[in-house]
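Visitor: any chance you could fold what I've pasted below:
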Amino acid sequence: MPKISGKLTIHGITKDVQTTGVITVKGNSITAKSDFKVILSDYGIEIPSLVKDKVGREAFINVTVNYEPLKTS
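Guide: You can find the predicted model right below:
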């Protein structure tokens, strides 16, 4: 799988992210997909103590991007 890197911003905090993904080309369409986890505390998200045993400390991120050729007039 190809390595994908970029920046992820959550709650105003931006971090570099590197993960793997799948790129598919069909005709003139390109689709990129990736799934990865982030640690919520890295983005300043604190889990309230009342629910900390019921809420995970990580978030699962699923990204799907569809690219199409630029249409010019």
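Visitor: going forward, measure contacts between C-alpha atoms and count neighbours the same way
Guide: Fine.
Visitor: look at G12 and report its pLDDT.
Guide: Per-residue pLDDT puts G12 at 94.
Visitor: show me what contacts it?
Guide: By CA atoms under 8 Å, 6 or more residues apart in numbering, G12 lies in contact with nothing.
Visitor: can you show me the strands along the chain?
Guide: In the chain, the segments counted as strands under DSSP state E are 3-10, 13-20, 22-26, 29-39, 58-67.
Visitor: now those in CSV, please, with extra columns for distance to L50 and mean neighbour count.
Guide: CSV is the format used below for the strands of the chain (distance: least, CA to CA, whole Å; neighbours: other CA atoms under 10 Å):
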stretch, distance to L50, mean neighbour count
strand 3-10, 23, 12
strand 13-20, 25, 12
strand 22-26, 39, 11
strand 29-39, 19, 14
strand 58-67, 17, 11
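Visitor: dump these into CSV; add distance to E46 as well.
Guide: Formatted as CSV, the strands of the chain follow (distance: least, CA to CA, whole Å):
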stretch, distance to E46
strand 3-10, 13
strand 13-20, 13
strand 22-26, 32
strand 29-39, 10
strand 58-67, 11
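Visitor: nearest to I47, out of those?
Guide: strand 58-67 (10.5 Å; CA to CA).
Visitor: could you list the paired strands of that closest one along with their orientation?
Guide: Next to strand 58-67 in the sheet, as set by DSSP bridges, lie strand 29-39 (antiparallel).
Visitor: roughly how far is the partner strand from the heart of the chain?
Guide: 6 Å (CA atoms, centre = their mean, to the nearest Å).
Visitor: please consider this matter closed, and thank you.
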